[in-house]
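In: Provided below for reference: sequence and predicted model.
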Amino acid sequence: MIKIYHNPRCSKSRQGLKILENSKQKFKTILYLINTPKETELNEIVELLEISPIELVRKNEKIWKERFKGIELTDNEIIKAMIENPKLIERPIVIHNKKAVIGRPPENIYSII
């Protein structure tokens, strides 16, 4: 089943959700600000995206700029920062058939559905 890690306040995330709705395929919506991924889940997402954890961070978020910018962090520390501050997680993330994309731009989603 398709999964979307979604933030309803984000326009790109809403556009990604609309793409899934229009696809007529079944999908599960995960409101990751409420149901924050666990460490193993976030590591799996990074692996499926084939990126490093820092590439999943929203570096323009106030939290990042105030608490983490300019500090050298390990991958595990970056994962922990995203778990403690889920607003830092790039969105939307769509997972389907052991593949994942970040929906920025939302059209990226078409490549896996």
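Out: Thanks, I have the structure now. Numbering: from 1, shown residues only.
In: give me the low-pLDDT residue ranges for this structure?
Out: Nowhere does the chain drop to pLDDT under 70.
In: Surely residue 30 is in a strand?
Out: Yes. The assignment for residue 30 (DSSP: H, G, I helix; E, B strand; the rest coil) places it in a strand.
In: Around it, how many other residues sit close by?
Out: A count of neighbours around residue 30, defined by other Cβ atoms under 10 Å, yields 18. Glycine gets a C-beta too; all of them are placed from N, C-alpha and C.
In: can you pull the contacts of it?
Out: 3-6, 37 (Cβ atoms under 8 Å, 6 or more residues apart in numbering).
In: try 6 Å this time
Out: Neighbour list for residue 30: residue 5 [criterion: Cβ atoms under 6 Å, 6 or more residues apart in numbering].
In: so where do the strands sit in the chain?
Out: 2-6, 27-31, 93-96, 99-102 (DSSP state E).
In: List of residues touching the third one?
Out: Among residues not part of strand 93-96, those counted as contacts by Cβ under 6 Å, 6+ apart are 2-5, 101-103, 109, 112-113.
In: Could you do the last one as well?
Out: Contacts made with strand 99-102 from outside it, assessed by Cβ under 6 Å, 6+ apart, are listed as 48-49, 90, 93-94, 108, 112.
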